[in-house]
Structures are given as structure tokens and as C-alpha cells.
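Visitor: sequence plus the predicted model coming up.
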Amino acid sequence: MFESQNFLFTAETTPDVSTDLAASAGRVDDLVGVADAINVTDSPNSKTRLSSLLVAAEIRRKGLDVILQLTGRDRNAIALESELLGALSAGVNKVLCLTGDQPPEGGPKAVNEFNGAGLIQLCNTLSQGTLSDGTPIKAAKTVYPGAADDIYQHLDNENAAAGLLRKIEDGAGFVQTQYCFDLDVIKAYAKKLSETPAFKDRKVLVGLGPLASAKQADWMRKNLWGVNISDDIVQRLEQSHEPLREGEAICEELIGELMQLPEIGGVHLMGPNCEKRSARIIARFRS
């Protein structure tokens, strides 16, 4: 998928707090045949959800490519390697490697044996046919790890580009960013990417999403790490008589602009319960 010259569209789903596997997997039905792939989140915000691997495997059976989000927060090396072997056995070979949202003080105990960069290295070890202790893997398969990035970090942190480059050098085959609704900021980010040859061989997908309301947008920028949504966007949603449609229009306008930037290889559409809306947005660009 990431070798394609096409502009890519990925979306995101979060499993339910439920034992109904079909219901969690069914949330993406509108995206089958529309999106290039779907990310399945890994208990975001340190809140328990139905196993992301089980949901990913069920979605894969529907014919939709899957990017399994995997965090080092909850598992040690044994559990992570087991999870990766399980993913590969189910035909899920793309993994977004994350450190993970950390639990609050007094909350569940985090493991944190691996951060996102360490997980990328672990994926590459398995791709070479062994576990981290050298144990050979029968019927070994290739894992395609990806890296997360925060566009705004690149504006005021001179080490941000070097940090992302290290992940690329460690084997990250694609990049998906946090939300960014500021076109000028994305253009500055794209310019920085263009200055480093290593990024030219990697698909960079910018995080966007169909915002539902001014209230939601304001909450997200105040409570979610790496999320920046301008006052202008919030005001536009607040003044709209149809904020749901306005949120989709904002997203579509930005996508149209990003498709003109050669350094940007696609968009990753996120947001709570936005699978159907993401499918509508992608379909409009593919009709």
C-alpha cells in the first residue's frame, strides 16, 4: 500500500467496551472498499477496550487493510512479541508504533518497556525472522512499522526532525501525524520534509478529521496530546447552522490543498465515532 504513488486515505476506529466483536468490527463497514486502510486504536486514553488485535483480525476478514496501533504502555517484550505474531498470523502486517497515552497518577500501572521507537526496532527484529532473544520464528513474515509525529513540534523544537529521522532510519515505513488543521503549518512541515532525502521514500499522512461541533473541537484541543485546533476553526463551527456538515467541509477543503503538496502522501482521518463521516469524505474524493 505504501509503495503506491496515489494519495492515500486512512481512517480510524476504536473498539467498544463490549464483548460483541461483530459490533466493533462492523463500525467500519462503510469504509470497506473506500479507505485504503483503517487504524484500530489500542485502548486510547489508558481506558480498557475490546482487544484491538481481535477487532483488527475481524476487519481484515472483511477485505479492508488494517494498521494495528500498538503501544508499549501495557505490555512487556513477551506480550508485545506475542501480539505481533498474532497480528501476522491474522494477515495484519502494518503496525503504528506508539509509546501510548500514560495513565493518571493512581491509575493502572504502566509497563513502558518499549516506547514507539523501540517498537519499530522490535518489529524489524521479527521481520528478520527471530524474537528479540534470538529464537527463530516459524513461517516468519514481514512487519511494516510506522511512526507517529506531531507537526507542531517541528515549528519550535529543532530536534523534532532528527527524532523522526531516527525512526525512519530504524525502519519506519510510513508516518501518521497528530491533528493539524492549519494549512500554513502543514506547508512549513512539508518544506522541512523536502529538505531531508530520507523522507522522500516514506508516505507521510497528515491527521485530520470531521469535527462535529465547536464544543468537541475545543475539548479536543484542551484535553488530547498533540491536538491543535485554531480559534478560527472553532468559531466557524460555532457560527454554522449545520456544524456536522461544516466539520466535513473544513476537512475536505484541507484535503484538497494537501493533495497539491508532493511531500504529503495522504491523510489520516480521526475522531470519535466518525467512521461513517470519514467514509463520506473519502468517497467524495473518489467519485
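Guide: Arrived safely.
Visitor: got the residue ranges for the strands in the stretch 151-287 of the chain?
Guide: Under the criterion DSSP state E, counting those that start in this stretch, strands of the stretch 151-287 of the chain are mapped to 174-179, 203-208, 266-269.
Visitor: now the ones you listed in CSV, with distance to Lys141, mean pLDDT and mean neighbour count?
Guide: From N, CA and C alone the C-beta is placed, and that goes for glycine too. Putting the strands of the stretch 151-287 of the chain into CSV (distance: least, Cβ to Cβ, whole Å; pLDDT from 0 to 100; neighbours: other Cβ atoms under 10 Å) gives the following:
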stretch, distance to Lys141, mean pLDDT, mean neighbour count
strand 174-179, 18, 95, 23
strand 203-208, 21, 97, 24
strand 266-269, 24, 98, 26
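Visitor: contacting residues around the lowest-mean-pLDDT helix or strand in the chain?
Guide: Least confident helix or strand of the chain, by mean pLDDT, DSSP states H and E, is helix 153-156 with a mean of 87. Residues outside helix 153-156 that contact it (Cβ atoms under 8 Å, 6 or more residues apart in numbering) are Ala160, Ala161, Val185, Ala188, Tyr189, Lys192, Gly226.
Visitor: what about the fifth one, how many neighbours?
Guide: The one in question is Tyr189. When neighbours are defined as other Cβ atoms under 10 Å, Tyr189 has 27 of them.
Visitor: swap in the first one?
Guide: Counted by other Cβ under 10 Å, the residues lying close to Ala160 total 18.
Visitor: need the contact list for it.
Guide: Ala160 neighbours (Cβ under 8 Å, 6+ apart): Asp149, Asp150, Gln153, His154.
Visitor: just to revisit the earlier point, and the least confident helix or strand of the chain, what's buried?
Guide: Under the neighbour-count criterion of 16 or more other Cβ atoms under 10 Å, helix 153-156 has Gln153, His154 buried.
Visitor: what's the closest of the contacts of helix 153-156 to Lys62?
Guide: Using Cβ to Cβ, Gly226 comes nearest to Lys62 of the contacts of helix 153-156, at 29.9 Å.
Visitor: so Leu237 touches Pro210, yeah?
Guide: No. Contact criterion Cβ atoms under 8 Å: Leu237 and Pro210 do not qualify, at 10.9 Å.
Visitor: find residues that contact each of those two.
Guide: Joint contacts of Leu237 and Pro210 (Cβ under 8 Å, 6+ apart) are Gly247.
Visitor: just to revisit the earlier point, make a markdown table out of the contacts of Ala160 and add distance to Val55.
Guide: Formatted as a markdown table, the contacts of Ala160 follow (distance: Cβ to Cβ, whole Å):
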| residue | distance to Val55 |
| --- | --- |
| Asp149 | 25 |
| Asp150 | 26 |
| Gln153 | 30 |
| His154 | 32 |
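Visitor: quick check: longest helix of this structure.
Guide: helix 243-258 (DSSP state H).
Visitor: how far does it sit from the chain's center?
Guide: Centroid separation for helix 243-258 versus its chain: 19 Å, with Cα atoms, centre = their mean, to the nearest Å.
Visitor: show me what it is packed up against.
Guide: helix 183-194, strand 203-208, helix 231-239, strand 266-269, helix 275-286 (3 or more Cβ pairs under 8 Å, 6 or more residues apart in numbering; DSSP states H and E).
Visitor: residue contacts, the residue lying closest to Pro104 once chain neighbours are set aside?
Guide: With Cβ to Cβ, 6 or more residues apart in numbering as the measure, Ser46 is the residue that lies nearest to Pro104, at 7.4 Å, once sequence neighbours are left out. Counting by Cβ under 8 Å, 6+ apart, Ser46 touches Arg73, Gly100, Asp101, Gln102, Pro103, Pro104, Gly107, Pro108, Ala110.
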